[in-house]
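*Asks:* have a look at this fold, sequence not included:
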């Protein structure tokens, strides 16, 4: 009975971790394909997303091999944090344009970053289990809403996707690296196994094909979502827009039915992206704790909000927002304090 | 006398020790009766009102006093109590003890202590006979179909109610005394061979580690043994129904009964245990599934409706039809306070009415509902303090909150609702969604006695099709979920 329970726990923990990696890969691929992550290849962003699908699989395979040998935790932490921040800034940009058009930009950033941090504070276990629970519901909901919002001339949007010219195409193919970084979170064992004890950690993980399949499926979902949204009623195609972050713009004024579908589609899309970013942040924290095991809860939790604070302040300096918006770092500092409150305190006896 | 730990051979010395410890004769509840039992002297110690004095008289005192004067003359002094138990006393449950602290604790709990001159051990007999509430209908877990019995404050009665349902030789009752100066008697019940041994040991360890100085109730024990004391969601399930507690035992869970508390505590538990009611299983699967879906819809309305309303009003008015939007703005224009303050005020008023209704005596409680709900609500709308649409939304949300079967979870969801209201008002549907996501992540990482709270949905474990939908019983073949998946 004891062995059955242990095997069941180990299998469930790896499944949840793979689901989180799939979410993260899908989110990063979508950000790439919609031109949000790497705007320089805007005209061929979709090529980058398509290339990201097999690249995610290769990255997942490499991560499995690294797990056996032992990854470099600091490098992993930095890469995952950078990828997560990139994705979160893209989310904030989308949210500011589509859902919170009347709110100031840095306020939207603070809301996005705060939400992602609160999710990541629950640890890799909480985020990955939620990803596992939503692994079918999220893509299905996005597909249903996307199909409901398809434009009458949807087939006209297909051709511009592939871009034009060899240089953009080449750039697109090379730019799929950001979408591969999320798969690297598979290089660490799931946090749930550490809670289960030494016996669970000693159990062999599933074969690499288990993780590769899920990373590829997640990335494919991201690429297909980009395709679907391109064909939807409210979004402009890749070809005609050339400013960073303006890739997805609501064209028509929302009528009651069409507007609801658009809002819901944007909301679900953004929440899925944020969940993917939270998974990466949680993975980054896990890597940081591996690097410095003495940096338990409070100190490790302070580092991530501190990095985010710095990014927010830099953004405010670059774009010259007013002092009111400098409250965003204060908001994030409060969130950092929350990590010191034992939200994650667990009884140990 | 203060340093004495074990009984002495001298009966009069033992009596003096008990008198000093219990404050007799000033303490009028203490019964210390010395009598002749055959060839030697004996004494009984009991507490008036706690013990059944008739049983003590008929089954202990009279049979001992009726022994012939030479009875027990050739019995070694240390075996005199055993001699009485074998030849005179006719009380069934009994234990031999020598420790004075334990004997006093047993006497205080209603048991009778029999000592004899020359003997260093005493016999503790279960002669409890205090007044207790009869087995009545459940107050908080009423069902339409299904049994109508509930636990009461007597631990022995509660164990009996469980044993009537779970008639299995593996059912084990472990008694534990926990607490500091004021010990509380608890019983751990589990099915030997089904419940996980490590999990039983963990729960036992946590209960024994309680050192509070006051009498513990089930609620106190729950707070002292749960894995995440700061979480909004309870990690154990409490029930006042024996049939529900019996189903927990069959699943491999441990049921904890506390003397003086009419609730049973079961651990480990999942979130789904707190969303299911016994009616779901007692009814046909179609009705059970329908009612479960209605309940889930009610919970979703309770959590999300006020926040969604505020989000749409403040950030996404284009989602409302022009006619509805005009009506909302017309009514809101007359209200002098911001819509967020209005929503929080109405939610607080609803919670105040609930709380006052609970505390008010019976007849007043009914009148309170009518006065506050109808008159105050109507008056507030007429005075343009609140808008009628918001009143309807808060009322609908409150009704949805009453659909939560678990009272503790209902309060946790009320607090979560406040966070969602704030998020909706400050950041629209986006912030509302992010907050819901964060709360979901927090729920997913919780555990109950080491077992994930959101299992078997996530992490996925083999289970019966009985989580969201209640499918027919013939599909529900998996047994003892917690035995295999702790």
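*Replies:* Here it is on my side, so go on. Every value quoted in this text rests on a predicted model; they were computed, and no experiment measured them. Numbering: from 1, shown residues only, chains lettered A, B, ... in the order given.
*Asks:* got any ranges where chain B has weak pLDDT?
*Replies:* B:1-4, B:215, B:363, B:365-367, B:369-370, B:477-486 (pLDDT under 70).
*Asks:* centroid residue for it?
*Replies:* Chain B has residue B:263 as the residue nearest its centroid, 3.3 Å off, counting by CA atoms, centre = their mean.
*Asks:* quick check: the gap between it and residue B:232.
*Replies:* As defined by CB to CB, to the nearest Å, residue B:263 lies at a distance of 20 Å from residue B:232. No exception for glycine: its C-beta is placed from N, CA and C like everyone else's.
*Asks:* run through the helices of the stretch 351-486 of chain B in chain order.
*Replies:* Using DSSP state H, counting those that start in this stretch, the helices of the stretch 351-486 of chain B run over B:362-370, B:377-382, B:388-401, B:407-444, B:481-484.
*Asks:* can you check which of these gets nearest to residue A:285?
*Replies:* helix B:407-444 (13.3 Å; CB to CB).
*Asks:* next one: the closest one to chain centre, how far?
*Replies:* Centroid displacement of helix B:407-444 relative to its chain, using CA atoms, centre = their mean, to the nearest Å, is 27 Å.
*Asks:* could I get the buried residue list for stretch B:459-472?
*Replies:* B:459, B:460, B:461, B:463, B:466, B:467, B:470 (16 or more other CB atoms under 10 Å in any protein chain shown).
*Asks:* quick check, the fourth one in contact with residue B:456.
*Replies:* Yes - using CB atoms under 8 Å, residue B:463 makes contact with residue B:456 at a distance of 3.9 Å.
*Asks:* how about the nearest residue to the residue nearest to the centre of chain B, chain neighbours excluded?
*Replies:* With CB to CB, 6 or more residues apart in numbering or on different chains as the criterion, residue B:263 has its nearest non-adjacent residue at 4.2 Å, and that residue is residue B:218.
*Asks:* need the buried residues of stretch B:459-472 in CSV (columns: distance to chain A).
*Replies:* Supplementary listing: those in CSV, determined by distance: CB to the nearest CB, whole Å:
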residue, distance to chain A
B:459, 3
B:460, 6
B:461, 6
B:463, 11
B:466, 17
B:467, 11
B:470, 20
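*Asks:* how about residue B:210, phi and psi?
*Replies:* The phi/psi pair for residue B:210 (degrees, to the nearest 10) reads phi -70, psi 130.
*Asks:* where's residue A:82 relative to residue A:76, distance?
*Replies:* 11 Å.
*Asks:* more neighbours: those two, which one.
*Replies:* Set residue A:82 next to residue A:76 and count neighbours by other CB atoms under 10 Å in any protein chain shown: residue A:76 wins out with 24 against 16.
*Asks:* secondary structure class of that one, three-state.
*Replies:* Using DSSP: H, G, I helix; E, B strand; the rest coil, the secondary structure recorded for residue A:76 is helix.
*Asks:* need the contact list for it.
*Replies:* Applying CB atoms under 8 Å, 6 or more residues apart in numbering or on different chains to residue A:76 gives the contacts A:184, A:185, A:187, A:188, A:283, A:284, A:287.
*Asks:* what about the last one, distance to residue B:262?
*Replies:* Read it as residue A:287. 50 Å.
*Asks:* repeat that for the third one.
*Replies:* Residue A:187 sits 53 Å away from residue B:262, taking CB to CB as the criterion.
*Asks:* and those two? Which one has more around it.
*Replies:* residue A:187 (24 against 20).
*Asks:* in what helix or strand does the residue of the stretch 151-300 of chain B found nearest chain A lie?
*Replies:* Nearest to chain A, among the residues of the stretch 151-300 of chain B, is residue B:227, at 5.2 Å (CB to the nearest CB). Residue B:227 is part of no helix or strand when elements are defined by DSSP states H and E.
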